Structure formats: C-alpha cells, structure tokens
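J.: just a sequence and a predicted model for now, questions to come.
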Amino acid sequence: MEQNLFEELQERKQHLVSIAKKATEFGWITLERQQEIIDKLEKDTLTIGVIGQMKCGKSTFLNSFVFEDDILPAATTPMTAALSVITYGEEKKIVAEFYTADEWEEQKLQASRSLDEVQGNSLEESKVKAAKELVEKSSKLGSNLNSLLGKTQEDRFENLIEYVGADGKYISITKHVNIYYHKEYLKGVEIVDTPGFNDPIVSREERTKAFLKKADVILMMLYAGRPFDATDRDILFQNVRQCGIGKVIIGINKYDIPYENGETEEEIKNYVKEEIRKACKACDDETLVEILRQTEPIPLSAEMALLSELPMSKITNNDAFQFAWKRACENFEISSQAQMREKSHLNDLTSAVKLMVETEKGKILFAKPINTILAAGNSKKEKIEKELREYNSLITNLSVPDDELDEKEEKLNKAERRLNKKIDWLGDNLASSFQQIIRKGKIEMEDAVDDACKKMTNIVEDWDTFSSIDKIIPKLDAEQQKLVTRTLKHLVLSLDEEAKHNVKNCINDFFADTEEILMRYVLDFDSRNFIKAISQKIDIEIEDNGMFTFDNNSEEENYGWSDAIFDFLNGASYGILGIVNKMFTHDKNQRKLLKYISDISNEFDPQCFLEGIKKHKDEIIDAVKDSFIQELINPMQEQIKEIRLTKGDKEKQLNEAKANLVRLKANKAEIEKQLNNITE
C-alpha cells in the first residue's frame, strides 16, 4: 500500500512538471519560474506564510504555536522587524543573512536626508526614519560592521534576540533569519514570519514578497479590535492574490478585547466573514474567492495561550504577564492554566493547521503551482479580450458613412451634456440626503451621551452605598465603556446602514435616467450591461467602506473607533486619567466627579465625526464621471475625431483593424486551447 501511494505521488509530480513545461512553452511563465516549481516539488516542503499588520500579535501567536515559550520579541517598530523562517533542525540554531554593502550604502544615504525634505510624503518619511534608526543602532557593531555586510552568520538559538530584538546587536543589518528548531511537527514544514507589508526598508519588503510567492498556505492574523479593515483587504487581495496560494487560514487575534466589551465570539467571527464576503464581490480572482469561501475565521487570544504555557513563576515575576493573567481570569472567570488554554481557542487554530498539514499537504503542494500557472494563462486571455473589445468598436466606427459619423458624434455630444446634468442632480440629492443623516445622528448620539451621563450621575449621588472611591471608579468606567463600545457604536452602525440605503436609492434613480440617455444617443452599445457593471462596482465600494470617518492625527497604529469616541468625550476615562485624588474629602471628590460628568454631557459634539460622510459625495460623483464620461463617451469621441483626421486612410485603417481582429480571435482561440490542454 505504501508503495502504491508513493507511485501515485510520483505520477502526480511528473504530471505537474509536464504542465509547468507546457506553460513555459506557451510563454505564460519564465524558465526560472518553471524551475522554482520543479524544485519546490522535489523539496516536498509545505511553506506557511504568517502575515498581518504590525501589532496584530503574530509574534505572540508563534511563541505559543511553535515554541510554547516567550521566544520571539514583538517588533516595536517596522524598522526592527526581521523576516524569519522557522523550520526543522536536528539541533536548535539560527542562520542570519545581513544586508549587502550596496543595500547598506542605500540606508546610509536615506539616513543622511532631512525629515523636513520629505515632510508630507508619508512613504519617503517612513524610509528616512527607518534608515536613521538602523544607522543609529549600527553603532553597536563598531569596526566589525563592514566585514559583516553581505555575509551569513550561524549562531546559537539562545542568541536569537540579538538578531530580531529591538535592541539586538545585529538588528541594524539583519535582513532575514533562518530558525532551526527541533520539533517533530516542523518536519516537511517551514513557517515564514513576515514583518508586514509597506516595509520602509525596500530590500526587506522585496524579500517578504519573494517568500510569499513560494508560500503554499497563508495564515493571516487579524486584530479583533479592527478586524479585516482596509489594510487587511489590501494585504489579502493585492499581495496574496498574486502568489497562487493553495489555502488561507484566518485567525482573529485578541478576541478577548471586544469580548470584554460585550461582543460574543460568534458576533466577532460573523463580522469578519461578512467583510470577507463583501470584499470577494470586488475580486475577479475566482480561485482566491473560492479558497476564501471555504475559510472559517477563528477567534483566539495568543496572549492567553502563551500564559497557559509559561511557568507560573515566570508570570508572577513579570508585571506585564501578571497584569494580563489577572485581567483574563476576571473577564472569563477562570483560575487555572488549563482553563486559560481552553478560553484562548489556540487549540482551534492549531488543530486547523495540523489537520491541513496531515490531510491536505499533498493537495496544497500541487494546487499552488497549478493555480499560479492558470492565473498566468488567464491574465493573457483577459488582455486579449480587452484588445478585442477595442478593435470591435474601431471597426464599427470606421464602417459608418461620413454623414452618419457626424450624426453619431452629435449624439455623443448630446449624451455628454445630458449625463453631466444628471450627475449634477445626483450630487445635489446625495448632499441633501447626507445632511439629513448628519442632523439625525447628532441628535441621537447626544441623547445617548446624556442618558449615560444621567446614569453616571446617579451612581455618584448614591456614593454612600460604596465603601470607598476604589469601588465607585470601576462602576463609572463600566458605564462609559458601555456607552463607547455598545450604545454609540450600534448607533453609528445603524446610521451607516441608513446612509448606504439612501445612497443606493439615489444612484438607482440616476441609473434609470442614464440608461434612457445611453439607449437614445449612444448607438451600437450594450447600455444595460454597462450600467449593471458600474452599479455593482459602486455598490461594492459603498458596502466595503463605512460612511463615517474621523481625522486621525494620532501616531498610534491602533487608533480606531473607540479612540475616536474617547476623543469626542474629551479624553474622559475615570480610571486612566485619575481625575479623583484619594486624599480629597468625600464631598470634594463627589463634586469633582459630578462636574466632570456634567462637562462630558455639555461638551460632547460628534459633528466632526458625522461630517466625514460628506466626502463620499465627491467620491461617488468622481466614480460616475470616470465611468460615463472619461471611460465611455470621451474615448468614443476621440476615436471619431481620429477617424476624421485620417479620413484618406479610412479604408486602410479598416483593413488593418479587421486583420488585427482576426489575429486576436486566433490568439484567443489558441490560449483557450492551451488552457484546456493544461486543465485536462
């Protein structure tokens, strides 16, 4: 039986090698890419790429999942994050790869630039800041720096912190670290811990992208406080989709934070599933969409999982661990490490990964290269289909008699004028609708804050029932947390849905009018399918983004909804700000608290937040103008003008266009034949 399985595997490998060679012959992939596919098959190693934004908890997760100890430090800044590859080794050790001399000279050049020079350009600014930090940290290497550049260095596992820690001796010049660890479950598997995308160090970002192209599985870590936001969507649908991934596993880390504020695990999970579903509607990569449809997000707390594995002596001797332990025990009513492990839900994610390795490894190893090859073939097909549409339009215009061509141009001009009027009308309707939402939202949010303040006032006035100020502060904090995380949040979500509904109604009315205009004035054109495509695109954009935004002047990466609301509450937080001095008298403390609550009620103003909805009017109008005027009407007008300018060559152009059309149809037929050949 073993032999039969082995023979079957070898047969599948040979079949895939044959497909890769065909794809190279067809011009879909390079000879280099073909060799990478073959080498990967021979290596028989499953590569799991761990991705996510900075501070989503990737390091904590890997510490628990792989090492069962506090080994990998969390990157304090993007500058100190190094790409790491964890795999099996007979002995524990590390092998670090350092920047080359040329790469280091580039860092020094960037570091020499003034921040004033790049002010206002966030990308260039991050590059300069990163370079300055790396060059500053390189002083630890002294005269040894130049001799290390471009080298690899083997070291003991215990010295890992020197290469990946923020204050490590070699952190300034470390580009990539291989970590060899003696665990049986790592055999045939390599786990790539990526520092994240938009890395200010260009060479390091490129290395991350190169590793992901080789990844078979993506384990994406989300932060539960802002799960699957715009950055997460970009990571998944812009970077991952290009890699031909065979499987995606999604973990929603730090679920204990929203759980503490009243959200259930099911609510957390369902929110992410819905956001992924909406994002998939805008993705034309059917393979990735199908993979994501089969993905079940898993809420977890990597921190709680790590606490369940560390010796209790290590927890009690570390202030951060001790605080986290106490907080988790209180929130989940647990008292043991076994209970901590259960509530962390790491076992759910671990089981998903291990099951995938045990049962799907072979399937995934073969799926990735096939997906990559098919993606390359379909990309060529899409390019041909676009050219076919352009030549069909050109042939139609070239075939029209001159007098009819004039008539066609006049109709296009009329269509443009009427469309612009309808677009102006759409803008007015959107502005009116948004203003109504703003007025309604302001009243509802202010009423909610007033109600919460009344409850807090009652607590303070009933102070005599509490034994000390330490008892009353948590009550006030709890009431305020409820206001922020439940009442105001749900209010905004309701307003958001109402705004989206109103916008869609305005747009549908606009499309009904524009369809009539297009059918009347734009000849030889499928207006219904065109409008349908635009409508779907705009609907997707509306669904993907909240209607309300706030200006974030904070440098904190995790600045989000709760932070914004606290800003509206003038930064109020009883426990954190310590507004009450325990040395004051009972009466004085009570008066201070009542005044503080009164100030919140009187000064709360959500107008700046609600006004953020207005930006969508211009975005929608620009999208409509681009679709109807810039992409449809104007190219048709330009094509007619071009034909008129080259009137004498009209017949020649027509013949050339027809010849190109025949050529493209043949190319399309050929690539469809090739695709069938590949998939048979």
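T.: Yes, it's here.
J.: CA atoms for contacts and neighbours, from now on please.
T.: Will do.
J.: near the spatially closest residue to residue 411 that is not a sequence neighbour, how many other residues are there?
T.: Take residue 411 and drop its neighbours on the chain: the residue closest to it by CA to CA, 6 or more residues apart in numbering is residue 521, 5.0 Å away. Look at residue 521: counted by other CA atoms under 10 Å, it has 19 neighbours.
J.: contacts only, for residue 521.
T.: 408, 411, 412, 414, 415 (CA atoms under 8 Å, 6 or more residues apart in numbering).
J.: how does it look with 7 Å?
T.: Residue 521 makes contact with 411, 412, 415, according to CA atoms under 7 Å, 6 or more residues apart in numbering.
J.: now the second one: how far from residue 406?
T.: Residue 412 is 10 Å from residue 406, where distance means CA to CA, to the nearest Å.
J.: what about those two, which has more around it?
T.: Taking neighbours as other CA under 10 Å, residue 412 and residue 406 compare with residue 412 leading, 22 against 15.
J.: so which helix or strand takes in the more buried one?
T.: For residue 412, the host element (DSSP states H and E) is helix 402-461.
J.: quick one: mean pLDDT over that helix.
T.: The pLDDT scores in helix 402-461 average 87.
J.: packing partners for that helix?
T.: Contacts defined by 3 or more CA pairs under 7 Å, 6 or more residues apart in numbering; DSSP states H and E place helix 402-461 against helix 469-482, helix 489-521, helix 586-603, helix 615-625.
J.: beyond the last one, next helix or strand please.
T.: Meaning helix 615-625. helix 634-645.
J.: may I have that following helix as PDB, with CA atoms only?
T.: Backbone C-alpha positions of helix 634-645 (Å, rounded to 0.1, in the frame of the first residue of the first chain) are rendered in PDB as follows:
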ATOM      1  CA  ASN A 634     -14.700  60.600 -24.400                       C
ATOM      2  CA  PRO A 635     -12.900  57.600 -25.900                       C
ATOM      3  CA  MET A 636     -15.800  57.300 -28.500                       C
ATOM      4  CA  GLN A 637     -15.500  61.000 -29.300                       C
ATOM      5  CA  GLU A 638     -11.700  60.800 -29.600                       C
ATOM      6  CA  GLN A 639     -12.000  57.800 -31.900                       C
ATOM      7  CA  ILE A 640     -14.400  59.600 -34.200                       C
ATOM      8  CA  LYS A 641     -12.000  62.700 -34.300                       C
ATOM      9  CA  GLU A 642      -9.100  60.400 -35.100                       C
ATOM     10  CA  ILE A 643     -11.000  58.800 -37.900                       C
ATOM     11  CA  ARG A 644     -11.900  62.200 -39.300                       C
ATOM     12  CA  LEU A 645      -8.300  63.400 -39.200                       C
END
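J.: tell me what that helix is packed against?
T.: With contacts defined as 3+ CA pairs under 7 Å, 6+ apart, helix 634-645 has no helix or strand neighbours.
J.: just the angle for that helix relative to helix 402-461, thanks.
T.: In terms of direction (axes from the mean of the first three to the mean of the last three CA atoms, to 10 degrees), helix 634-645 departs from helix 402-461 by 160 degrees.
J.: list the buried residues for the next helix or strand after helix 634-645?
T.: Proceeding N to C from helix 634-645, the next assigned helix or strand is helix 650-679, under DSSP H and E. For helix 650-679, burial by neighbour count (16 or more other CA atoms under 10 Å) applies to 653-654, 657-658, 660-661, 664-665, 667-668, 671, 674-675, 678.
J.: pLDDT value on the residue nearest to the spatial centre of the chain, please?
T.: With distances taken as CA atoms, centre = their mean, residue 232 lies nearest the centre of the chain, 1.2 Å away. In the predicted model, residue 232 carries a pLDDT score of 82.
J.: and what of residue 154?
T.: Note on residue 154: pLDDT of 95.
J.: likewise for residue 237?
T.: pLDDT for residue 237: 79.
J.: how about the nearest residue to it, chain neighbours excluded?
T.: Excluding the flanking residues, the one nearest residue 237 by CA to CA, 6+ apart is residue 283, at 7.4 Å.
J.: where in the stretch 501-650 of the chain is pLDDT low?
T.: Low-confidence segments of the stretch 501-650 of the chain (pLDDT under 70): 523-524, 540-541, 543-546, 549-586, 643-648.
J.: how about 80 then?
T.: Per-residue confidence for the stretch 501-650 of the chain (pLDDT under 80) gives these ranges: 523-530, 532-592, 631-632, 635-636, 638-650.
J.: returning to that earlier point: distance to residue 402 added to the contacts of residue 521, as CSV?
T.: Below are the contacts of residue 521 laid out as CSV (distance: CA to CA, whole Å):
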residue, distance to residue 402
411, 14
412, 15
415, 20
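J.: of the residues you listed, which is the nearest to residue 35?
T.: residue 412 (52.6 Å; CA to CA).
J.: next up, identify which helix or strand residue 136 is on.
T.: Element membership for residue 136, per DSSP H and E: helix 122-137.
J.: list the buried ones in the helix or strand immediately after that helix in the chain?
T.: Per DSSP H and E, the first helix or strand lying C-terminal to helix 122-137 is helix 145-148. Within helix 145-148, the residues scored as buried using 16+ other CA under 10 Å are residue 148.
J.: distance from the chain centre to stretch 42-62, please.
T.: Its chain's C-alpha centre and that of stretch 42-62 lie 15 Å apart, by CA atoms, centre = their mean, to the nearest Å.
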